[in-house]
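J.: Sequence and predicted structure are below.
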Amino acid sequence: MAPTLYDKKPEPGDLIEIFRGNYQHWALYVGDGFVVHLAPPSEGPGARANSMMSVLSDKAKVKKEEIWDVVGHDQWCVNNQLDEKYQVRPIHEILREAQAYVDQEMPYCVFRGNCEHFVTDLRYGKAESRQVRQAVETAGMAAMLGFGVLAVAGIAAAIFGGGSKKKNEEK
């Protein structure tokens, strides 16, 4: 049985976060040991690096599977991450809508329509991915740091390198 990070038993409508190494897969618990999730072709238990290929996929299928088949040996937890930000839709509506999507093929985009967007839209009526937002913010910070280093290097070159050019011209 896959380890959970917490001893909280999922309730219908809960978001399930599954830790796959470099990213998290998300599912919606629908009861009786089952989850509904948006799965690109490469997603599966223990997918890890193979699932990074989902970036290249533009289609995914909504599946209803036993939680242990989806989780595999990965750690997981209940993470109703946005309950303080958004109102939770009525559970019967969440479950009805989730069931209606089962077996449908849907557009997939890691940045705008991934498994986390899918389950947050079901639970809150708002498609949101903190995972994507954090990745974009991290990339933005790295870019800013990179530009900052280049700017400092440029200033240092102007200050310290500028004098040597002048000295060379005077000789």
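T.: Done, it's in.
J.: Would you mind listing the buried residues in stretch 15-27?
T.: Under the neighbour-count criterion of 16 or more other CB atoms under 10 Å, stretch 15-27 has 15-20, 23-27 buried. Using the backbone N, CA and C atoms, a C-beta is placed for each residue, glycine as well.
J.: from those residues, which is closest to Ile94?
T.: For the buried residues of stretch 15-27, the closest approach to Ile94 (CB to CB) belongs to Leu15, at 10.2 Å.
J.: how far away is the closest one from Glu105?
T.: According to CB to CB, to the nearest Å, Leu15 stands 22 Å off from Glu105.
J.: beta partners for Pro107?
T.: Lys59 (DSSP bridges).
J.: contacting residues around it?
T.: 58-60, 113 (CB atoms under 8 Å, 6 or more residues apart in numbering).
J.: what does the model give Arg130 for pLDDT?
T.: On pLDDT, Arg130 comes in at 81.
J.: what does Pro40 give?
T.: 83.
J.: Wait, it touches Tyr108, no?
T.: Yes - shown here, Pro40 and Tyr108 form a contact pair, counting by CB atoms under 8 Å, at 5.3 Å.
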